[in-house]
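Colleague: For reference, the sequence and a predicted model appear below.
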Amino acid sequence: MKIADITRRAGRSLRHAKVRTILTALAIGVGAFTLTLTIAASTGAKVFIDQVISDNFDPAELIVTKDDQVLGNGDTSKPREYDSNFGASLSNAGAITQVKRLDQADLEKIRNTEGVELVREGVSVNASYITRPGQKKYIATLQATSPAQKPELLAGTKSGNLEDNQILLPEGYLSSLGFKDATSALNQTVTIAVRKSVSSAELAKQLTNGATQEQLAALSAGTLVNEEFVITSVLKKPVTAQPGTELYLFVNNATALRLNDVTTQGTEDYQKYPSVYAKVKDGEDSEKLKAVQERLKNLGYTTLSVEETQKFLLQFISILQGIVIGFAFLAVIASVFGVINTQYISVLERTQQIGLMKALGMRRRDIAWLFRFEAAWIGLLGGSLGAGLAFILGTLLNPVITKAIELGEGNKLLIFEAAPILTLILGLMLVAILAGILPARKAGKLDPVEALRTE
């Protein structure tokens with residue numbers, strides 16, 4: 001028989017036992033439903049991570065540090081030998097730790113490394129406060145902008161190439177500083193106060209000159225330096241912000257460096273940084289990027305690329321995806337026994353019919369293929385029902401999920417792509433065919449004479 005004839009006959013056979021066929025297909029559909037949603041969520045998460053990274057990091061840049069603990073890779077179980085370059089830094093775990101810092105000599109080495117095009121200091125400045133006329137004072141942290149950043153704005157259009165007196169204001173400060181909305185904050189002036197540091201040498205000098213304890217305490221507190229900034233844009237709260245960082249104020253790199261020098265001059269922290277960003281010439285080429293990484297490693301520095309950060313984040317998604325897929329496959333395995341049972345019952349019910357088909361000249365292999373095709377139809381039906389239901393439900397729930405977890409406009413948690421879904425359905429058809437092999441062999445081996453005698 002031709003394949004088309006076998007396919008049509010298999011379909012007709014299943015229609016004669018609609019309820020049994022649908023129930024068996026639904027068992028496969030449970031696995032298809034779960035797998036389709038898992039694949040869609042995994043795709044959505046990967047697209048979202050790619051978007052976050054592309055909006056915040058330059059793929060041609062490397063994070064360079066002198067201490068691997070800055071990147072969370074160091075061994076913290078053993079005491080560390082003191083180094084004069086140690087300074088306090090906030091670790092990935094959120095704890096204050098002592099790490100080696102990069103000084104100007106280190107920056108010069110990195111700049112002179114073959115392939116490095118530009119070195120940008122990663123600077124955060126703890127300001128004393130931010131305020132505006134008639135409003136209270138609030139603590140603030142200033143962060144240098146990155147040329148690669150493309151933050152979502154509530155108002156304004158400028159987020160990069162800021163001038164020295166310009167600032168990006170997070171939406172969390174709007175009501176506190178007396179703005180009725182984001183638009184009303186544009187082009188308004190705010191005052192940032194940073195505390196000028198006092199060196200230990202100056203304190204010792206004043207003590208030698210007979211300064212009182214009150215005078216020394218006042219001198220130790222330092223003096224406040226006030227600077228005014230114009231708000232160019234208001235930043236929408238980032239979706240993936242760590243607690244506390246959603247209130248970072250952004251200024252250009254030169255301003256951040258200058259204010260950092262004001263707060264650290266005369267101290268051991270002056271012009272020293274936990275990490276810097278090294279832009280690699282033609283760094284979009286991964287081979288060139290890895291070559292520069294190797295050179296910096298040979299100089300004693302630790303580096304981290306955007307690609308490595310991306311792989312690290314995707315590891316968690318892959319682990320969760322694997323767990324859910326494991327449960328889905330349990331459902332698929334359970335459905336395999338349903339297919340086997342359905343096919344065996346079908347063989348028993350149609351024993352006389354099989355004998356008649358053989359007596360009329362139908363070959364053994366055609367009989368076997370008939371039952372395999374019936375199993376394939378069940379797999380197709382179950383896979384299509386499960387994937388179709390997952391697609392409909394996911395499409396309806398996407399806006400609700402996006403709003404609930406604040407993914408941001410234009411982002412979706414569940415992204416359905418045709419190729420993975422079709423591959424999944426074909427895979428389930430193959431599983432069903434494999435499940436139907438034993439019943440098909442039994443049907444093919446039936447003796448036509450004995451089969452015709454069966455009542």
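Modeller: Sure, I can see it.
Colleague: Let me know how buried residue 126 is, in neighbour terms.
Modeller: Residues lying near residue 126 (other Cβ atoms under 10 Å) number 13. For every residue, glycine as well, the C-beta is placed using N, CA and C.
Colleague: Next SSE downstream of the helix or strand hosting it?
Modeller: Here residue 126, judged by DSSP states H and E, is contained in strand 124-131. For strand 124-131, the following helix or strand on the C-terminal side (DSSP H and E) is strand 138-144.
Colleague: Just give me how far that following strand sits from the chain centre.
Modeller: Computed by Cα atoms, centre = their mean, to the nearest Å, the chain-centroid distance of strand 138-144 equals 26 Å.
Colleague: Just the mean pLDDT for that strand, thanks.
Modeller: Across strand 138-144, pLDDT averages out at 91.
Colleague: Quick one: list the elements packing against the helix or strand just after that strand.
Modeller: Following strand 138-144 in sequence order, the next helix or strand is strand 153-155 (DSSP H and E). Strand 153-155 is packed against helix 182-185, strand 223-235, with contacts defined by 3 or more Cβ pairs under 8 Å, 6 or more residues apart in numbering; DSSP states H and E.
Colleague: nearest to residue 53, of those?
Modeller: Nearest to residue 53 among these is strand 223-235; the distance by Cβ to Cβ comes to 17.9 Å.
Colleague: what packs against that closest one?
Modeller: If you count contacts as 3+ Cβ pairs under 8 Å, 6+ apart, strand 223-235 packs onto strand 153-155, strand 166-170, helix 182-185, strand 189-196.
Colleague: For that strand, report the contacting residues that lie outside it.
Modeller: For strand 223-235, contacts defined as Cβ atoms under 8 Å, 6 or more residues apart in numbering pick out 128, 151-159, 162, 165-171, 174, 182, 185-196, 250-251, 259, 262.
Colleague: what's the answer for stretch 422-437, then?
Modeller: By Cβ under 8 Å, 6+ apart, the surrounding residues in contact with stretch 422-437 are 28, 31-32, 35-36, 39, 332, 336-337, 339-340, 343, 371-372, 374-376, 378-380, 382-384, 387.
Colleague: Buried ones only from the residues you listed, please, as a ChimeraX command.
Modeller: ChimeraX command restricting those to the buried ones, with burial defined by 16 or more other Cβ atoms under 10 Å:
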select :28,31,32,35,36,39,332,336,339,340,343,371,372,374,375,376,378,379,380,382,383,384,387
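Colleague: among the contacts of stretch 422-437, which are in helices?
Modeller: Per DSSP state H, helices hold the following members of the contacts of stretch 422-437: 28, 31-32, 35-36, 39, 332, 336-337, 339-340, 343, 371-372, 374-376, 378-380, 382-384, 387.
Colleague: before we move on, the earlier item: among the contacts of strand 223-235, name the buried ones.
Modeller: 128, 151, 153-156, 159, 162, 166-171, 174, 182, 185-186, 190, 192, 194-195, 250-251, 259, 262.
Colleague: Below-threshold pLDDT in the stretch 351-455 of the chain: ranges please.
Modeller: Low-confidence segments of the stretch 351-455 of the chain (pLDDT under 70): 351-361, 364, 366, 406, 408-410, 440, 442-455.
Colleague: Can you show me the helices along it?
Modeller: Taking DSSP state H, counting those that start in this stretch to define them, one finds helices in the stretch 351-455 of the chain at 351-359, 364-404, 418-435, 437-445, 448-453.
Colleague: I'd like those written out as a markdown table, with distance to residue 272 added.
Modeller: As requested, those are exported to a markdown table (distance: least, Cβ to Cβ, whole Å):
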| stretch | distance to residue 272 |
| --- | --- |
| helix 351-359 | 85 |
| helix 364-404 | 43 |
| helix 418-435 | 49 |
| helix 437-445 | 70 |
| helix 448-453 | 89 |
